[in-house]
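Asker: Predicted coordinates and the sequence they were generated for:
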Amino acid sequence: MTELDLSAEVYPCPKGSLRHRDVVKKIGGKEQFPLLVDTSTGISMYESGDIVKYLFRNYGQGKSPSPGLLESTIFTGWVPTLLRAGRGMTLWNKADAVPAEKLELFSYENNSYARIVREALCELELPYVLQNVGEGSSKTELLLRKSGSKQVPYLIDPNTGFQSSDHKKILAYLFQQYSISSQ
């Protein structure tokens, strides 16, 4: 999605979660992840490789995935997850209610600080709009208007007005604001 400059609504479904898994099962018939739902075409599908091929075929304007993208899931997904002891894969036991409005995260796939923020959003089951702002992104101007900088991750919480590009502040905010212990 970063290569294609696509944005997405993300509904995290960590192990042990309850909020969004029923929707996934209802749409696709099983609890398998990732699940892509393209509301523009009415298509839904599982399997990372199939999703990448579909996205390039439908939104790549003739471009092909960068070399190794289809094969790289093990290196870009599983290795960092293992090195971080599975962070982002399991529901945090103190996750609280879903906010009224989705959070907005400016990010790109290979940014390690953005990855940590995405893991926290997943652990807390917080739905968000992912704005991919890789090199040459059409959304860079939007990020500059909202933040005054190109730095990512940049998180906006329209529910409270919180905005930050400091991953440590973002993490502290998320776990303080969206945890049972914050009440």
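Answerer: Great, that's in hand.
Asker: In this protein, where is pLDDT below threshold?
Answerer: Within the chain, the ranges that satisfy pLDDT under 70 run 68-89, 91-92, 181-183.
Asker: again, 90 this time
Answerer: By pLDDT under 90, the weakly predicted segments of the chain are 13-33, 48-49, 62-98, 109-110, 179-183.
Asker: can you list the domains in this structure?
Answerer: 13-83, 103-178 (the TED database).
Asker: Spatially, which residue comes closest to Q163, not counting chain neighbours?
Answerer: I156 (5.0 Å; CB to CB, 6 or more residues apart in numbering). All C-beta spots, glycine's among them, are computed from the backbone N, C-alpha and C.
Asker: How about the backbone phi and psi for the one you found?
Answerer: Backbone torsions for I156, taken as degrees, to the nearest 10, come to phi -120, psi 130.
Asker: And for D96?
Answerer: phi -110, psi -160.
Asker: all helices for this protein, in order.
Answerer: Secondary structure of the chain by DSSP state H: the helices cover 21-28, 48-59, 73, 79-83, 112-123, 140-147, 167-177.
Asker: out of the ones you listed, deepest packed?
Answerer: Mean neighbour count (mean count of other CB atoms under 10 Å) peaks for helix 112-123 among these, with a mean of 21.
Asker: Please tell me how far that helix is from the chain's geometric centre.
Answerer: How far helix 112-123 lies from its chain's middle: 8 Å, per CA atoms, centre = their mean, to the nearest Å.
Asker: Specify the angle between that helix and helix 167-177 in degrees.
Answerer: 10 degrees (axes from the mean of the first three to the mean of the last three CA atoms, to 10 degrees).
Asker: can I assume L6 is in contact with L55?
Answerer: Yes - under the criterion of CB atoms under 8 Å, L6 makes contact with L55 at 6.9 Å.
Asker: In contact with T41, which residues?
Answerer: N58 (CB atoms under 8 Å, 6 or more residues apart in numbering).
Asker: gap between it and K26?
Answerer: In this view, T41 and K26 are 19 Å apart by CB to CB, to the nearest Å.
Asker: Next, count neighbours for K30.
Answerer: 10 (other CB atoms under 10 Å).
Asker: Pairing-wise in the sheet, spell out the partners of the closest residue to Q32 other than its chain neighbours.
Answerer: Nearest residue to Q32 in three dimensions, chain neighbours excluded: Y46, at 4.8 Å (CB to CB, 6+ apart). Taking DSSP bridges as the rule, Y46 bridges to L35.
Asker: go on, S179?
Answerer: A95.
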